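>>> okay, structure incoming, though there's no sequence with it:
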């Protein structure tokens, strides 16, 4: 016995449920971030960092503690710059910049508290600090001491997520969420400076001087790539 076409028509209840589901799906899709927020262009990172900073000059690309060379790191970072700078009258400075063009809930920039222990270092408690800039602004950052069997390294770093400079894991995650709520997928940048020294106070002053000199010497547009609107 054949069935009539009417048996295949949706009921009023089906229409209501289906409509509600479509509305919810449409709202969720509309709220999904679709607009990439990339402050640094492809292959641009290496070009914007000068080879001479104050009285420090580029020396080598070796000797730095690097993010783990695993599949996750390859997904996280599109560009990476690793350099050592020397000075005739200052401590040498190692500079690492790691850039990821897309920060999501699953993929977020690695902080140095991950890569140093992975390389055999023991860390002191990380301290929140600030780097003074000539503009009068202060750049939020973090610092710690990393100890291994062969050396003591003083580390200063900051991260930029979109236009924000978060100083912790939670605020880093909130920076991603905040951008997502505005429909944007933020980029992420880690800037890490370090020097081999057991004198934490001297190293801190040296690293902040280097960071300030590097940023203050840059044009505003370039400086914004590294620190966002804090640049002025």
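Good, I have the coordinates. Values in this document were obtained by computation on a predicted structure and should not be read as measured data.
>>> do a quick rundown of the helices in this protein.
Using DSSP state H, the helices of the chain run over 12-31, 45-48, 71-76, 112-118, 169-181, 200-216, 220-227.
>>> which of the ones you listed comes out lowest on mean pLDDT?
Of all the helices of the chain, mean pLDDT reaches its minimum on helix 12-31 (a mean of 43).
>>> so who does residue 194 touch?
Residue 194 makes contacts with 64, 65, 93, 94, 96, 146, 153, 154, 155, 156, 207, as judged by Cβ atoms under 8 Å, 6 or more residues apart in numbering. In this view, the C-beta of every residue, glycine as well, is placed from N, C-alpha and C.
>>> got CSV for the residues you listed, with distance to residue 129 too?
As requested, those are exported to CSV (distance: Cβ to Cβ, whole Å):
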residue, distance to residue 129
64, 21
65, 20
93, 16
94, 18
96, 18
146, 16
153, 16
154, 12
155, 11
156, 7
207, 10
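>>> list buried residues within the residues you listed.
64, 65, 93, 94, 96, 146, 153, 154, 155, 156, 207 (16 or more other Cβ atoms under 10 Å).
>>> and the residue nearest the centre of the chain, how far from residue 76?
Note on the chain: the residue nearest the mean C-alpha position is residue 189, at 2.9 Å, using Cα atoms, centre = their mean. To residue 76, residue 189 is 11 Å away according to Cβ to Cβ, to the nearest Å.
>>> residue 228 too?
Distance, residue 228 to residue 76, using Cβ to Cβ: 19 Å.
>>> who has more neighbours out of these two?
The residue with more neighbours, out of residue 228 and residue 76, is residue 76; 22 against 17, by other Cβ atoms under 10 Å.
>>> for the more buried one, which non-adjacent residue is spatially closest?
residue 100 (4.8 Å; Cβ to Cβ, 6 or more residues apart in numbering).
>>> do residue 146 as well
Using Cβ to Cβ, 6+ apart, the closest residue to residue 146 is residue 121 (4.0 Å).
>>> my read is that the one you found contacts residue 152, right?
No - between residue 121 and residue 152 there is no contact under Cβ atoms under 8 Å: 9.4 Å.
>>> common neighbours of these two, please.
residue 146.
>>> when those two are compared, which one has more neighbours?
Ranked by neighbour count (other Cβ under 10 Å), residue 121 and residue 152 place residue 121 first, with 22 against 16.
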